[in-house]
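Chemist: Just to be clear, the model below is a prediction. Sequence and coordinates:
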Amino acid sequence: MAAWRIIDLTQFSGSISSKQGAIVLHPEDKPQVVLPVADVAVVLIGMGVHLSGAVLHRLTAADVCVLLCDWRGIPEAGAFAWRPHSRVAARRVAQAGMRLPKQKTAWKAVVKRKIENQAKTLLLCGKAKDSKKLVELASLVRSGDPDNIEGRAARYYWSALFGKKFSRQPGLGDGVNSMLDYGYTVVRGHGVRAVLAAGLEPSLGIFHHNRANLFCLVDDLMEIFRPLIDLEVFRLKEDGKYPAADCKAELVAAASSQYRDDGIGVPAAFEDFAQLFGLYVESKVKSFSPPKWFK
C-alpha cells in the first residue's frame, strides 16, 4: 500500500462518485477531489455524505475499511471486504475452539503490554515516578488478569496523566474524552482491517464478549495501541488544542505513527499482530507476545 490515509468525511457535505481506481469527492461548495483508492486505508462517512453502491464496491474491492458514523463522528456500522484468506475456515474453527487457558494467556500478554505502553506514555509526558509505578503493576499481571491489574493501572494512569478530577468516559463528548474517542476510532478502523485480513472472526474476542459487538477481537488487540493516542491527546491538551474537532489531523497522524523500532507504523504493526494471533490460535507458534512500542 502506498500510504495509510484516513479520509475523514464526518463533517463533509456533498456526494462521492466512483471512477477507475479512485473515488471522487464532490463538496457542495468546493472543487471536486480525486482520491486513488490504493492510497486509502479507512474512510469515515458522516451524515451529510451521499454515495452510491458503486463507491462502496470500489472501496471494499481495494480492501478499504468504510465506517458509517453518527452526528458525533462515532461509528455505527461498517462495510468491509470479504477478503479471501487461504486458511480462513481452519483459522476460524480453531479460534472458536480456543480453550479458556489459552485465551487467558493471550489476555495476560495484551494487558501487560498495554500497561507497559501506558508507562511509556507517562514517561514521555515527564511523569517518571508514575511511570515506574505502572511498570511495577505490569509485572503483577497473571493469566487472565484475575486481580484486575488492568483496572487498577487504568485508575492510576488516568489520574497521573490528566489529573485526579479526570474521568475516562467514552462518548461523554467533552474535550479530552472526545479527543480520545476520535483517536481510538481511527485505530479501531485499522484493527478491523487487520483482523479481517488475517482471516480471523472479529466477533470472537479473548476478553471482550459483548453480544452486540461485532468486533470484540479488534477491541482486545487494539488495547496495546491506545497509549499512543493518549500521548498525543496529552500533548495537544498541553498546547491548548482541543476539542477533537480542532485537532483531527493530529489524532489521525498519531493513529498511523511509528510503532516498532524498524520503522513500522501502527497500521502495519496491527496487521502483523493480528497475523501473529492467527498463528497462535492455530498453535503454529507456541507463545504470544504483542509487539513492543519502540519509544
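Modeler: That came through, no problem.

Chemist: Against which helices or strands is the helix or strand containing residue 129 packed?
Modeler: Following DSSP states H and E, one finds residue 129 within helix 128-138. Applying 3 or more C-beta pairs under 8 Å, 6 or more residues apart in numbering; DSSP states H and E, we find helix 128-138 packed against helix 100-124, helix 149-162. To be clear about C-beta, it is placed using only N, CA and C from the backbone, and glycine gets the same treatment.

Chemist: Pipe those into a markdown table and attach mean neighbour count and distance to residue 70 per row.
Modeler: Putting the helices and strands packed on helix 128-138 into a markdown table (neighbours: other C-beta atoms under 10 Å; distance: least, C-beta to C-beta, whole Å) gives the following:
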| stretch | mean neighbour count | distance to residue 70 |
| --- | --- | --- |
| helix 100-124 | 21 | 27 |
| helix 149-162 | 18 | 25 |
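
Chemist: And these: which comes nearest residue 183?
Modeler: Among those, helix 100-124 comes nearest to residue 183, with 12.6 Å by C-beta to C-beta.

Chemist: Figure out how far the closest one is from the centre of its chain.
Modeler: For helix 100-124, the separation from the chain centroid amounts to 15 Å (computed by C-alpha atoms, centre = their mean, to the nearest Å).

Chemist: what do you get for stretch 197-207?
Modeler: On C-alpha atoms, centre = their mean, the centre of stretch 197-207 falls 14 Å from the chain's centre.

Chemist: do the same with stretch 56-63
Modeler: With C-alpha atoms, centre = their mean, you get 20 Å for stretch 56-63.

Chemist: what's in contact with that stretch?
Modeler: Contacting residues not belonging to stretch 56-63 are listed as 18, 22-23, 37-38, 40, 43, 66, 79-81, 83, 193, 197 [C-beta atoms under 8 Å, 6 or more residues apart in numbering].

Chemist: related to what we said a few turns ago, indicate which one of the helices and strands packed on helix 128-138 is closest to residue 237.
Modeler: Comparing these by C-beta to C-beta, helix 149-162 comes nearest, at 7.5 Å.

Chemist: Could you tell me the angle between the closest one and helix 100-124?
Modeler: Put simply, helix 149-162 runs at 10 degrees to helix 100-124, going by axes from the mean of the first three to the mean of the last three C-alpha atoms, to 10 degrees.
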